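Undergrad: Build the 3D model from these lines:
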Amino acid sequence: MTSFSPPKTAYSQVFPTLRVSDINTAVDFYTRQLGFTLRFTWGDPLHYAGVNLGDTTLHLAKDSPFISGTSEVNFIIDNADDLYAFHLASGVEIVTPPADAPYGIRDYKIRDPFGNFLGFGHYIYTQGPPLPIERTDVPVRLEKRLAALLEDLAAHKHMTVSSCLEETLLHTFERIGDNVASPHTIATLNYIQELKKKHGIDYDVHASYRFTEQADS
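TA: Numbers count the residues shown, from 1 in each chain. The predicted structure follows:
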C-alpha cells in the first residue's frame, strides 16, 4: 500500500456514542441517577441526545444505522476535509463522505476493520438565517506589520479584512469561563505564527499599550 503523510490535525472534542432503546428514559437515567447534565436533544421524533459529565459529552442514539451491535466515536477537529482526503488516499473504508449536516457540523464516517464506526467533523458557522445589518465606516489605523498580517489572514480565510476584524471582535467580546473566545482553529493559529515571522512581528500581545506612532518619512 502506498504511504501517505497525514495532515496536521487538531481536535477539540470527542464524543463516544451509546445505542439506547429509549432516548427519554436514557436522558432521565443519565441526568437524574448518574449526575450528568443535559447538553442537547435532537430530532423530531426525538432520537438523539448529548449529556455532559464536566466538560466531557456522551452521545445517546436511538435507531442509529451506524451502531447496531458496534461502537461509534465522533471527533470534532479543525478541518474534516483535509483528514478525509488522507483517509480516502489511505484506503480507509468510507461509510458516508463529508457533507454539511443540519445539526451544524460538516462530517463523515469511516468503519474500522472490526466494524466500529468513527466520525470526524468540524463545526459550520455559516449556517442559519441571514442577519441583516448596517455597516458604518470607522477610521482605523493599524501598525503596519499587523495590517499586512491581517490582509494575509483574511485572504487565507477567504474573507474581507472588514469581515475578519468583525469575526475577531465578536469572538473576543465573548467570555468563556475565565478566558475569551477565539475564531481561530489550532491550524489557523499555527498559520498566524508563520505570518508573524513573515512580517517581522516581534512584539508581544500587550505591545499596543507602548506603541508610539512615528511620523511618516
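Undergrad: can we go C-alpha only for contacts and neighbour counts from here?
TA: Will do.
Undergrad: So which elements touch the lowest-mean-pLDDT helix or strand in the chain?
TA: The weakest-scoring helix or strand in the chain, judged by mean pLDDT, DSSP states H and E, is strand 11-19 (a mean of 77). On a contact count with 3 or more C-alpha pairs under 8 Å, 6 or more residues apart in numbering; DSSP states H and E, strand 11-19 meets strand 56-61, strand 72-77.
Undergrad: now for the helix or strand hosting Leu165, which elements pack on it?
TA: Counting by DSSP states H and E, the element that carries Leu165 is helix 161-172. For helix 161-172, the elements it packs on are helix 144-156, judged by 3+ C-alpha pairs under 8 Å, 6+ apart.
Undergrad: Give me the buried positions along the helix it packs on.
TA: Leu149, Leu150, Asp152, Leu153, Ala154 (16 or more other C-alpha atoms under 10 Å).
Undergrad: Quick one: distance of that helix to the chain centre.
TA: 22 Å (C-alpha atoms, centre = their mean, to the nearest Å).
Undergrad: Stretch 13-29 too?
TA: For stretch 13-29, the distance to the chain centre is 23 Å (C-alpha atoms, centre = their mean).
Undergrad: ok, and what's touching it?
TA: Applying C-alpha atoms under 8 Å, 6 or more residues apart in numbering, the contact partners of stretch 13-29 are 38, 46-49, 51, 56-64, 67-68, 71-77.
Undergrad: Show me where this structure has its strands.
TA: Secondary structure of the chain (DSSP state E): strands at 11-19, 37-42, 48-53, 56-61, 72-77, 93-100, 105-111, 117-123, 175-176, 179-180.
Undergrad: ok so, going back, mark which of the contacts of stretch 13-29 are buried, thanks.
TA: Buried among the contacts of stretch 13-29 (16+ other C-alpha under 10 Å): 38, 47-49, 51, 57-62, 67, 71-77.
Undergrad: The residue nearest to Pro98 when sequence neighbours are not counted - how many residues pack around it?
TA: Spatially, and ignoring its direct neighbours in sequence, Pro98 is nearest to Tyr108 (4.4 Å; C-alpha to C-alpha, 6 or more residues apart in numbering). Here the number of neighbours of Tyr108 (other C-alpha atoms under 10 Å) works out to 22.
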